[in-house]
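> coordinates only, sequence not included:
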């Protein structure tokens, strides 16, 4: 084998957005950003973002930032040679019934409610349908919270259920522990 070809693309982009032709398999995950008439790629805060006419039609204003970039949730870092290397996936970005949802963003809004000390968002499945659930510590006016969320989030990001809890598990570093 002379070369290893690695093409990387998000479902939403419709085409490979990153590529590399490597001479050994250990270099195959070092990629080039793609910029042509159909698709553009960039890193914003180390997150791979794409835009162009190949993005799927169901990506609407909720999936794009103010500059038209689609944030993939995949984290990379720049290399000295102008290429990029994949690091990890943002763990709080999940798919809920086909939509990309940032659980930490939902949490940040719920935590602003009077009486909420802490919360964690998660996904539950019931009868084949996924629902967003928020476990919270403190007091929460659920109707008021949902009304506020409806003003800032798309319908598919609105929690279906709130569960009062005594504690939220944290790591040694103080980060919320998300269970699958």
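Sure, I can see it. In this text the structure is predicted, and so the values were computed from the model without any measurement.

> Which residue is the nearest non-sequential neighbour of residue 97?
The spatial neighbour of residue 97 that comes closest, neighbours along the chain excluded (C-beta to C-beta, 6 or more residues apart in numbering), is residue 130 at 5.2 Å. C-beta here means a position set from N, CA and C on the backbone, and glycine is covered the same way.

> quick one: contacts for the one you found?
Contact analysis of residue 130 by C-beta atoms under 8 Å, 6 or more residues apart in numbering lists 96, 97, 123, 124.

> Buried ones among those?
For those, a burial check counting by 16 or more other C-beta atoms under 10 Å picks out 96, 123.

> Just list what the longest helix along the chain packs against, helices and strands only.
For the chain, the longest helix by residue count, based on DSSP state H, is helix 142-152. For helix 142-152, the packing partners by 3 or more C-beta pairs under 8 Å, 6 or more residues apart in numbering; DSSP states H and E come out as helix 103-110.

> So for the helix it packs on, what gets flagged as buried?
Across helix 103-110, burial judged by 16+ other C-beta under 10 Å covers 103, 106, 107, 109, 110.

> Give me the residues contacting the helix or strand following that helix.
Next along the chain after helix 103-110, taking DSSP states H and E as the criterion, comes strand 116-126. Residues from elsewhere that reach strand 116-126, judged by C-beta under 8 Å, 6+ apart: 94, 96, 101, 103-104, 106-107, 110-111, 130-140, 159, 161, 168, 176, 178-179.

> Direction included, what does strand 116-126 pair against?
When pairing is defined by DSSP bridges, strand 116-126 lines up against strand 129-138 (antiparallel).

> tell me the angle the partner strand makes with helix 103-110.
If you take axes from the mean of the first three to the mean of the last three C-alpha atoms, to 10 degrees, strand 129-138 sits at 50 degrees to helix 103-110.

> for the record, mean pLDDT for strand 129-138?
Averaging pLDDT along strand 129-138 gives 95.

> just to revisit the earlier point, which of the buried residues of helix 103-110 lies closest to residue 74?
Distances from residue 74 to those, taken as C-beta to C-beta, are shortest for residue 103 (16.5 Å).
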